[in-house]
Each structure stands twice: as C-alpha cells, then as structure tokens.
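Asker: Test case, fold it:
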Amino acid sequence: MSLVVSDTTPLNYLILIGKIDVLPSLFGSLIVPPAVISEMRHPKAPSAVAAWASSPPQWLKIQEPRHNLNLALGPGEKEAIAVAEELGIRAILVDDKKARIEAKKRGLSTIGTIAILELADEAKLLDFEVCLVLLRDTTFRIESALLNPVRSRVRARKAS
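Answerer: The predicted model follows:
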C-alpha cells in the first residue's frame, strides 16, 4: 500500500493490543499531524500510548498542516484530513464516524482499526480473531453489524 496519514484512534488501539508494528509493513511510512501526538500524550491517555508517542519510531513522520480546516471534528481528525489533502495522500487511518464521512466527502479513502487488522491478517502479520479478543479489553467499541461482515470475510479467506 501507499503512504497514509493517521488520526489518533487507530494508533491508540494498535499500541494497546501490541500490534502497532504492522503499520510500516502495511503502509511504509506513516504521517501524523502534531495534534495526534498531543492527543496521544494527553495526561488521560493510556501510559503505553503516551510512552510510544513520546518516542515515536522512525517510520512515523510528524507533519504540521499548512491550513486550519474549520470542521466540527477533533483537532487530530481535522489536522489529519488537512495534511492528507495538502500532501495529496489519498488514504487516512481514522475510526470516528463523523471524521470518516468528512474525509470521504473530500475524496479520501478511510481505513479504520478493524480494516487495518483485516489487512494485517491477510498479510499474515497477525491473527484477526486474537486481536478482536485483545480489543475487547480496551475501550474500543464497534457495532456487530459492522464487525460481522469483516469476520465472515476473514473466516472465508482462511477456509479457502
């Protein structure tokens, strides 16, 4: 896959389940705006997330947006969309529904945490079902109507 920009949430959950290292295998370098790093370092952020953000790996590039988008979204989401648009990057890692809708309106492809796990499972970088169990121990939430089709695709692929 090509270069992507990320919002906070997918990074947060991948760190919490110990699978953050699938990102460079799937996407190469990853770009985040400063607001994402700030959100990850927030005093209420999980300690593992804050520690990771305090010393990010070399494959994570921090890029300040040149423009401030006037959108009813969180700072990380707004900056991630702005950076993606400014750099001509067509994909953004984001889970928030409102942010996904806004990104799609702007012609960006969105990839959420579950889709990242599905891609990584397909690349044999992790086990999708094991990761779902790990996610249950976090604050991650997803509707069954959204998760079940992905689980079916993963099971069908593994059965073939």
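Asker: burial of residue 101, as a residue count?
Answerer: Using other Cβ atoms under 10 Å, residue 101 has 12 neighbouring residues. From N, CA and C alone the C-beta is placed, and that goes for glycine too.
Asker: That one: helix or strand, and which one exactly?
Answerer: Counting by DSSP states H and E, the element that carries residue 101 is helix 97-105.
Asker: list the buried ones in that helix?
Answerer: The neighbour-count check on helix 97-105 (16 or more other Cβ atoms under 10 Å) flags 99-100, 102-103 as buried.
Asker: swap in stretch 12-19?
Answerer: In stretch 12-19, counting by 16+ other Cβ under 10 Å, buried: 12-17, 19.
Asker: In helices only, show me these.
Answerer: 12-16 (DSSP state H).
Asker: Please enumerate the helices of the chain.
Answerer: 8-16, 22-27, 34-40, 47-54, 75-87, 97-105, 113-122, 128-136, 144-159.
Asker: Can you check what angle separates the fourth one from helix 8-16?
Answerer: An angle of 110 degrees separates the directions of helix 47-54 and helix 8-16 when computed by axes from the mean of the first three to the mean of the last three Cα atoms, to 10 degrees.
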